[in-house]
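Undergrad: give me the fold of what follows.
(6 chains)
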Number of protein chains: 6
Amino acid sequence: MYYFKEGLINIIEPDQPDPAAAKVLQEALGGQFGEMRTMMQYFFQSSNFRGKERQYRDLLKGVFLEEIAHVELVQTTINQLLNGAGVSTPGNAGADGAPLDEAVKHANPHHFIVGAQSSLPVDAGGNPWNGSWVYNHGNLIADMLNNVVLESTGVLQKTRIYEMSSNKTLRETLGFLIVRDNAHQNAFAKALETLGVDWAKLFPVPNYDLNKYPECRKFVDMGYHNAQFNFRLDPTRIGEIFQGESPSRNKGELRVIDPPAGFPAPEFPEMPNEHSPGLTDMGR
Amino acid sequence: MYYFKEGLINIIEPDQPDPAAAKVLQEALGGQFGEMRTMMQYFFQSSNFRGKERQYRDLLKGVFLEEIAHVELVQTTINQLLNGAGVSTPGNAGADGAPLDEAVKHANPHHFIVGAQSSLPVDAGGNPWNGSWVYNHGNLIADMLNNVVLESTGVLQKTRIYEMSSNKTLRETLGFLIVRDNAHQNAFAKALETLGVDWAKLFPVPNYDLNKYPECRKFVDMGYHNAQFNFRLDPTRIGEIFQGESPSRNKGELRVIDPPAGFPAPEFPEMPNEHSPGLTDMGR
Amino acid sequence: MYYFKEGLINIIEPDQPDPAAAKVLQEALGGQFGEMRTMMQYFFQSSNFRGKERQYRDLLKGVFLEEIAHVELVQTTINQLLNGAGVSTPGNAGADGAPLDEAVKHANPHHFIVGAQSSLPVDAGGNPWNGSWVYNHGNLIADMLNNVVLESTGVLQKTRIYEMSSNKTLRETLGFLIVRDNAHQNAFAKALETLGVDWAKLFPVPNYDLNKYPECRKFVDMGYHNAQFNFRLDPTRIGEIFQGESPSRNKGELRVIDPPAGFPAPEFPEMPNEHSPGLTDMGR
Amino acid sequence: MYYFKEGLINIIEPDQPDPAAAKVLQEALGGQFGEMRTMMQYFFQSSNFRGKERQYRDLLKGVFLEEIAHVELVQTTINQLLNGAGVSTPGNAGADGAPLDEAVKHANPHHFIVGAQSSLPVDAGGNPWNGSWVYNHGNLIADMLNNVVLESTGVLQKTRIYEMSSNKTLRETLGFLIVRDNAHQNAFAKALETLGVDWAKLFPVPNYDLNKYPECRKFVDMGYHNAQFNFRLDPTRIGEIFQGESPSRNKGELRVIDPPAGFPAPEFPEMPNEHSPGLTDMGR
Amino acid sequence: MYYFKEGLINIIEPDQPDPAAAKVLQEALGGQFGEMRTMMQYFFQSSNFRGKERQYRDLLKGVFLEEIAHVELVQTTINQLLNGAGVSTPGNAGADGAPLDEAVKHANPHHFIVGAQSSLPVDAGGNPWNGSWVYNHGNLIADMLNNVVLESTGVLQKTRIYEMSSNKTLRETLGFLIVRDNAHQNAFAKALETLGVDWAKLFPVPNYDLNKYPECRKFVDMGYHNAQFNFRLDPTRIGEIFQGESPSRNKGELRVIDPPAGFPAPEFPEMPNEHSPGLTDMGR
Amino acid sequence: MYYFKEGLINIIEPDQPDPAAAKVLQEALGGQFGEMRTMMQYFFQSSNFRGKERQYRDLLKGVFLEEIAHVELVQTTINQLLNGAGVSTPGNAGADGAPLDEAVKHANPHHFIVGAQSSLPVDAGGNPWNGSWVYNHGNLIADMLNNVVLESTGVLQKTRIYEMSSNKTLRETLGFLIVRDNAHQNAFAKALETLGVDWAKLFPVPNYDLNKYPECRKFVDMGYHNAQFNFRLDPTRIGEIFQGESPSRNKGELRVIDPPAGFPAPEFPEMPNEHSPGLTDMGR
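TA: Prediction:
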C-alpha cells in the first residue's frame, strides 16, 4: 500500500507567470514520454511481474514510487507558471480588450477553460494521455530495454524543452528531472549489465555534458545522477542491482540513498473571479 | 512524496483461471469509471487545489492514496484470473488445435498477445485509458459533485460486472471495492453537506442492499462503508470532513481508521514457453 | 429551431432478446457510416452553408431532420434487442453461474456495464463515435459527392449487417433504413445531376434488388425509395432539387411527401435489480 | 419525429472577424462540456429511458430539443467570427506575404484548411468530439446528478471563455448560453429536489452574479434563467418537474414557456477564391 | 515487392526556415486528406481487390506507388522548413531568452520536442494520423467514388494551405502536388466513366485555374495533370483505364509516362547541440 | 522513388477459412507492434535522417522497403483467412438463421461490415492504427535502441499469436515473419555494436529455439535469420553495417542478399451477393 508525507521532491523556483512555458512543459507531464507514462509503465510492469528474481521487480517498484513524486512536481510547476497569468473581473472588458486575451495568445486554451489555470493530463500539443503508450511486454529483457529507451527519450525531450524557455520555474524543474532520468537510465542499463551486456560508452543518451546546464550541476555534485531514492517502508532488494560502477561513461558508484527531505509546495490562492475553486466561491 | 509497504489492500481469493472474467474486470481498472480514473482524478484535483480550506484537499489526497492500492488490487486480480489460462509448448499444435485456441475464445486477445497474460490499461471493450476522462473543473462544488457521481457510477458498474461472472476471484475483489466506493461516495457527499446540502435518502446510489452481496457483508460488519483509511505519514485534516453521521440513509458514524494490515500478493510463476518474463527466458 | 412530436419513424418489430444482434447493429448507430455521422454531417453542412443557392441547403437540412429520427429508431431497436437479455438478482449466483454470464458471451460488454442494457454512441467494435468522421469540405460539389458515397456506404453496410442476424427486430429496422438511404442516395445524386452529371446506370450502389429483402419490399411499394419526407414547419426549396426522374436505374418519380404518422415507441420496464433507472430504485 | 422552422434561438451580434475568438469558442460547440455533448447526452438518456415516471423523460427530451438549437447557434457564431477573416486571390502573394498568413496566426488552422472558414466538431484545442464523453449511466439519480454537473461545468467554462475575448459576437452568444445553462442547472437540480434533496444555497455553480455580465442581464430580466422553452408539438409532462420555486439561491418561479420567435441567421457569401462552396465555384 | 532508387519526385525549393509553414504543411502529410491517407487507402484497396477486372487494381496500385513518393516529398519539405529554425547551445540562455523561444511561437511544439526538428505523422492541429480514416468499402463503385472525393478534397485543402504561407519551399511542393492530385482525380473519374458516368463539366474540383498558381504552371506545361507515372517493373493494365480524353473540362489526352528522373534530397546536418541524431552525438 | 513488381515475399499456405484467426492476426498488421508501425517508423526515421553517416540511413531505408512487402503479406493472409468464411444470399435467412451468423461469432465484426471480408488497418482488438505509435526520437542511439525493442516485441507477439491458432495459413505467414523480425533485430543490434556495445548472449529476444517452430525451420536453413534483402535499384551502404558475425548468440554470418523471387498472390473471387467489389456488381 501507498503512504504519503507532504513535501515536493524538488524546490519550485519562482519566476514570472508564463503560460507559453506551461504549455510546452505539459509534455513532461502528459506527453508520450512524460512522467505519467513512466509512472504508469513501471506500475504495470511491477504489478504484472512474474518469477522469483524479484530484485528486478523491486527496481521497477522503486522507480515507480519516485515517478509519482515527479508527476506531482510537474503538476505543481505548471500551476506555478499559470498562477497569476490572468486576473479577470467577470463581465468587464477594459480598454485593452478582454482580461485574459493577452494571457492566452500562446497558451494551451484549456489551461484557462477547463480548470482553474492548472495542470492537465495532456501533452504539449493538447492531446490527452493515452493508455496505449504504456509498454509492458511481459518479457524482462524487452521491458528493460524499453525502459532504457524511455528514460533516454525522457532526457532528450527535457533538454529540448529546456531550450524553449528561459523561465527559471520551468528550468529548475527540468534540471532536476534531467538528472533523475539519467539515474533511471543507469538503473535499467545496469539491470541489463547483470544479464551480460557491456554498454561501452553508449550512455548517457543523449551525449550531453550535464555541467552545461547550471540547474543540473548542483544535483550532479550531490551525486543524484548515480543515486536511487528508497521510498520503501519495508526491505527491498533494489540494491542487488543498483550498485557498483555506473554503466554511464561518466562513471561513479551507484548508491541507494534516502529521498530528499521535501520542499514545501506553494499554496496557490483562490481565484473567486474565475469561480475557482475555494470556499469564497461557495454558496454560503 | 510517496512511500510503499508490501501488502495488498484485500485478499486475492483463488478460483479457476477465467479469461472472460478478466476481460470484463478490465472495466474496473482502465474503464472510464475505473480505478485508474479515480486515482488520476483525485491526484490532479489535490495537486491543483487552490485556497486555504485545505481539509478538502486532504480529503482528495486521502482518497487518492487509497486508489493507488485499488489499482494494484485490480491489476493483481486480473493477473490471477489469467494465470494458468493457457499453457503452450512453442510450435506444437496438439490434436485439439492450438494450445491457446480455447483460452482466448471469449478473452481480450491482447491479454495473450501484448503481455504475459497480465493486466492492461484498457477497459472491458479493449479501449485504452484516456486522459480526457479526468475531470478537474477547478471549482470545488463542481469537483465534489462530480466525485459523488464518479463514485456512484463506480458502484453501479461494479455491481453489474459482479452479475456477469460467478468467479470467486472476481467477486471478492468487486465486493471489497463496492464497499469502499460506498465509503468514498459518503466522503464526497459529506463534503457537500458541509456546504449546506441535505441529501435526504438519496444515497447510496445505486439503491442496493449491501447484505445481498455475500462478499460485501463482512466488510460492512467491519464498518468499512463508513470508514476512510489514513495513509498519511504526517498530520491530515481529513477528519474535519469525514466525521459525524454518514450521509447515507443507512446511517452510521464516519471514522478515519488505519488501513488493513496488508494481504500477500500471489507470486506468479515465470512462463518460459510464453517467453515471459523472468530470467529463465534470458540469454545466459 | 427544432420541434418534436412522439412517434418513431418506423415500427419496432418484436422478437427475442439478442445481445449479439444489438452489438453489430451499433454500427448503424455510432459507426463511421452510421446514423450519428449522417445526422451530424448534414447538420454541419447545412449550418455552414454559404451562398444564395439555398435549395441545396434546404436539401441538406431536410435530410438532417430525418436522420435525427433515424438515430432515435436505431437507439430504440438496440434497446428492444437488449431488453430482457438478462435478469439478475443481486449477489446470487445460481447453479448455472452468474445471471448475466451467458447473456454477455457474444455481447458488447458495455451494453451491460455502462448503461441499463441500452444503446451507446459506439460502433460494432465498441469504438466511440468520433467527430473527425464528419466531412464538411466547404465546396458544394465535394460535399455532394461525399454525401453520395456516405449514403451508398450506408446501404452497403446495412445489407451486410442484415446478413449477420435473422432477428426480426434488427431486420425490420435495417429494411426501413436501407430504403431510406436509397432515397437519400437519390437526393444527393440528383443534386449533382442539376450540375450536369449523367450517372447512367451507376446507382443504386450497391447493385441490389430491393425486392429480395422482404422487409424492404413494402416500403418500395409505398414509394419510399423515391420520396423525401418533409419535416419543415415553414416553406422549403427542397423540391427544386428533389423532383423529376430518379437518378437510379430503377427509375420512378422523386416526390416530397409527408412523414409517416409515427409508431409508438415500446416502453421498457425499470430494472430495479440492475439499479436502473427508475424511481423504484430511488431513495424514497 | 423532429421538425424545424427557420430562426436562431438568439441574435448573432455583429463585430469584427476574429479567428482567435472562433478558436476558443469551439470549446462551447465540440468540447467535452460543449453543446454537442449536452445534445447527445440528453438524446441518449431520453431514448434509453426506462420505467413509468415519464415526467423525467420529458424533462430530458425537452432540454435535448433546445440543445439542438444551441449547437446551431454556436456553429453560426463561429461562422460569423470567421467570415471575412481572410480573403485571398489564388496564387498571388502580396508584398506582405500570403493572404491568409496573418489571419491564421492565432487560429485553429483547420478553420482555414478543412472547410470554408466555418465551424468544426472539435474543441478549443482542436481535438475531435468523442462519443465516450456521453454519460448515460442508466440510473436516474446518477444521470440527474451528472446532468447537474454537466450544466454547472458548462456555465463555468463559458464564463471563462467570455473573459478570453471582448469580441461582441462571441460575448452575446455566450451571455445567452450562460443564462440558459443556468436554467438547465435548475431543471436537473429541481428533478433531484423531487427526490428529497435540499440544495440549500449551493446553486448556481459557479457562484456568479449574472448581472455583472451585461449580455446576461437582459435575459435575466426576461426570466430566462428560470424558464424552460417548450419545443413539443404534443403534450408533455415536463411541467410536473419544472415548476415551483427555483432551486437556485436567487429564487424565482420556474415556468415552462414558448420558445423565442427566432432570429434570422446571417447569410454568408460564397468564397469563390477559396473554392467554397457555392455554385459560382461549379463546373457550368 | 517494393524497390527503391534515390531521388525525390520533385525539387525542394530553398527558402527561409519557417516553423509556422511546417506546422500547416503537416496537414498534407498526416492530415485526414493528406498523403499518408491516400497512400494507405490505395494500398489497402489494391491488396484487398477481388475479381478478374484487374485493370482497376493496377490503377489503384499505380497511384499507391506514387503516393509513397509523395509522403517522402512532404516529409522532406517539412524538414527543409524546420532546418535551421533554431540553433541552441545547451544550458545557455542569452539576453534575449531561450534559444528556441522565438522559433516555436507559432510552431507545432512537437517539431522541437519529439524529433530533431523533423516531420511527424500528425496533421496541422497536431492530431496523430488514424487508421479509421482509410476507406475501403469493398465495392468498386463506392471505392472509386470515394477516391474521387479524396483527390478533390486533397486539391481543395492544398490550395487553401498554399494561401496560408508565401514560403517558396512550401509553395513549390504544394504546386507539384496540386497538379498530381488533379491527375489522380482524373484517374478515378475516368474509371467511373468506363462504367458509364458522364461528368459533364463537374471536374476539376475545385474549379480553379491552375495557371493562376505560378508553381503549377510549369507542370501543366509538361502535361502532368493528364499523366500517370508508371512505377511498375513488370507489365500493368493501368493503361486500359488511364487513356483517351481527360474527364476534366480542361480536356487533354490521358497518358501513362515514365516518372521524373529524380531530384536530390537535401542532406540535413547533424544537430549535436540538440543531441540529434548523428554520430557526433555518440559515445565514442 | 518506389517501384513494384508482382510477387508476395512468401507463400500463402491454403487452409480453412478462419475469421477468428483473421481477427487475432490483425495485430501483426495494424497493432502497435505490427508491420504498419515498423513500416512507417523506418520510413520516418530514414526520411528525417541527419548527418553524413548515411550507412545507418541506408539500413533504415532497406528495412523499410521490406516492411512494405510484409504489410502486403499480412493483408493477403487475412484476406485468405476470411475468403469463403460466409456466403450469403441477400434477404434469405435459412432454417439455421442468418447466413453470416455463425461466421462472425468470434470474428471482428468489421471484417464483415466495413469491407468485403478483407483486411483492415486495425489491431486484434479492433483499435485503429495510430500515428503516435511511430517513434522517431531524432537521436541515432535512441532510435536504434528503440528499433531493437520494436523488432524484439514483434517476434514476441508473433510467437504468442502463433499459439492462438493452428490454422496453417496463419502459421506459415507468422513463421516467415518471426524469422525476418529476427534478422531485423540483428540488423539494429549490429548497428549498436558498431558503436561499441557488446550484447553478450542477450539476443535473440525472446529466447526461443526457432527449430521448435516447423514453419520457421526452412527459413533458418536458408539463412534468412542472418540475411537482409536488398530492394535497392541503386547502390546502398547497408553492407557496411549488416556484415560480419551476427549479434545473436546463435551466431552466423550476416549477409545482404537478393530478395525472394516472389510468390503469386491468390486471386480472390468477386462476392456479388455481398455487393463486393467487382464489375458483376456494377450498373451495366
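Undergrad: hey, where'd the helices end up in the stretch 51-200 of chain A?
TA: Counting by DSSP state H, counting those that start in this stretch, the stretch 51-200 of chain A has helices at residues A:54-82, A:110-113, A:140-163, A:168-193.
Undergrad: looking at those helices, which is nearest to chain C?
TA: helix A:110-113 (16.4 Å; CB to the nearest CB). Backbone N, C-alpha and C define where each C-beta goes, glycine included.
Undergrad: quick check, pLDDT for A:Asp281.
TA: Turning to A:Asp281, the model gives it a pLDDT of 43.
Undergrad: again, but for A:Ser132
TA: Value for A:Ser132, per-residue pLDDT: 96.
Undergrad: is the residue lying closest to it once chain neighbours are set aside in a bridge, and if so with what?
TA: Spatial nearest neighbour of A:Ser132, chain neighbours left out: B:Pro128 (4.1 Å); criterion: CB to CB, 6 or more residues apart in numbering or on different chains. B:Pro128 forms beta bridges with B:Val122, as assigned by DSSP bridges.
Undergrad: which single residue in the stretch 101-250 of chain A comes nearest to chain E?
TA: Closest point on the stretch 101-250 of chain A to chain E, by CB to the nearest CB, is A:Pro206, at 3.0 Å.
Undergrad: just checking, that residue touches A:Thr153?
TA: No: contact status for A:Pro206 versus A:Thr153: not in contact, 9.5 Å apart, counting by CB atoms under 8 Å.
Undergrad: overlap in contacts, these two.
TA: F:Ala142 (CB atoms under 8 Å, 6 or more residues apart in numbering or on different chains).
Undergrad: with adjacent residues omitted, what lies nearest to the spatially most central residue of chain A?
TA: Among the residues of chain A, the one closest to the centroid is A:His70, at 3.9 Å (CA atoms, centre = their mean). Excluding its sequence neighbours, the residue lying closest to A:His70 (CB to CB, 6+ apart) is A:Glu35, at 4.2 Å.
Undergrad: count of neighbours near the nearest residue to A:Gly244 once chain neighbours are set aside?
TA: Spatial nearest neighbour of A:Gly244, chain neighbours left out: A:Leu254 (6.1 Å); criterion: CB to CB, 6+ apart. For A:Leu254, the neighbour count with other CB atoms under 10 Å in any protein chain shown is 22.
Undergrad: OK, contacts around A:Leu254?
TA: Counting by CB under 8 Å, 6+ apart, A:Leu254 has contacts A:Asn186, A:Ala187, A:Lys190, A:Asn226, A:Ala227, A:Gln228, A:Phe242, A:Gln243, A:Gly244, A:Glu245, A:Ser246.
Undergrad: give the PyMOL command for selecting the buried subset of the residues you listed.
TA: Command for PyMOL that selects the buried part of these, burial taken from 16 or more other CB atoms under 10 Å in any protein chain shown:
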select buried, chain A and resi 186+187+190+226+227+228+242+246
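Undergrad: which ones among the contacts of A:Leu254 lie within strands?
TA: Judged by DSSP state E, those include A:Ala227, A:Gln228, A:Gly244, A:Glu245 as members of strands.
Undergrad: what's the longest strand in chain A?
TA: strand A:253-257.
Undergrad: which neighbours does it have in its sheet, and in what orientation?
TA: In the sheet, strand A:253-257 lines up with strand A:227-229 (parallel), strand A:244-245 (antiparallel) (DSSP bridges).
Undergrad: save those strands as TSV, and put in mean pLDDT too.
TA: As requested, the strands paired with strand A:253-257 are exported to TSV (pLDDT from 0 to 100):
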stretch	mean pLDDT
strand A:227-229	98
strand A:244-245	98
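Undergrad: among these, which is nearest F:Arg217?
TA: strand A:244-245 (41.5 Å; CB to CB).
Undergrad: hmm, who's touching the closest one?
TA: So strand A:244-245 is contacted by A:Lys190, A:Lys251, A:Gly252, A:Glu253, A:Leu254 (CB under 8 Å, 6+ apart).
Undergrad: which of those residues sit farthest apart?
TA: A:Lys190 and A:Lys251 (12.6 Å).
Undergrad: surely A:Glu253 is in contact with A:Asn226?
TA: Yes: at 6.3 Å, A:Glu253 counts as touching A:Asn226 under the criterion of CB under 8 Å.
Undergrad: anything in contact with each of those two?
TA: Joint contacts of A:Glu253 and A:Asn226 (CB under 8 Å, 6+ apart) are A:Ser246.
Undergrad: look up how far chain F lies from the nearest residue to A:Glu6 once chain neighbours are set aside.
TA: Spatially, and ignoring its direct neighbours in sequence, A:Glu6 is nearest to B:Asp234 (5.6 Å; CB to CB, 6+ apart). Plainly put, B:Asp234 is 39 Å away from chain F if you go by CB to the nearest CB, to the nearest Å.
Undergrad: and B:Asp234, backbone torsions?
TA: phi -140, psi 180 (degrees, to the nearest 10).
Undergrad: ends of stretch A:44-56, what's the gap?
TA: 13 Å (CA to CA, to the nearest Å).
Undergrad: correction: stretch A:118-137
TA: Termini of stretch A:118-137 sit 34 Å apart (CA to CA).
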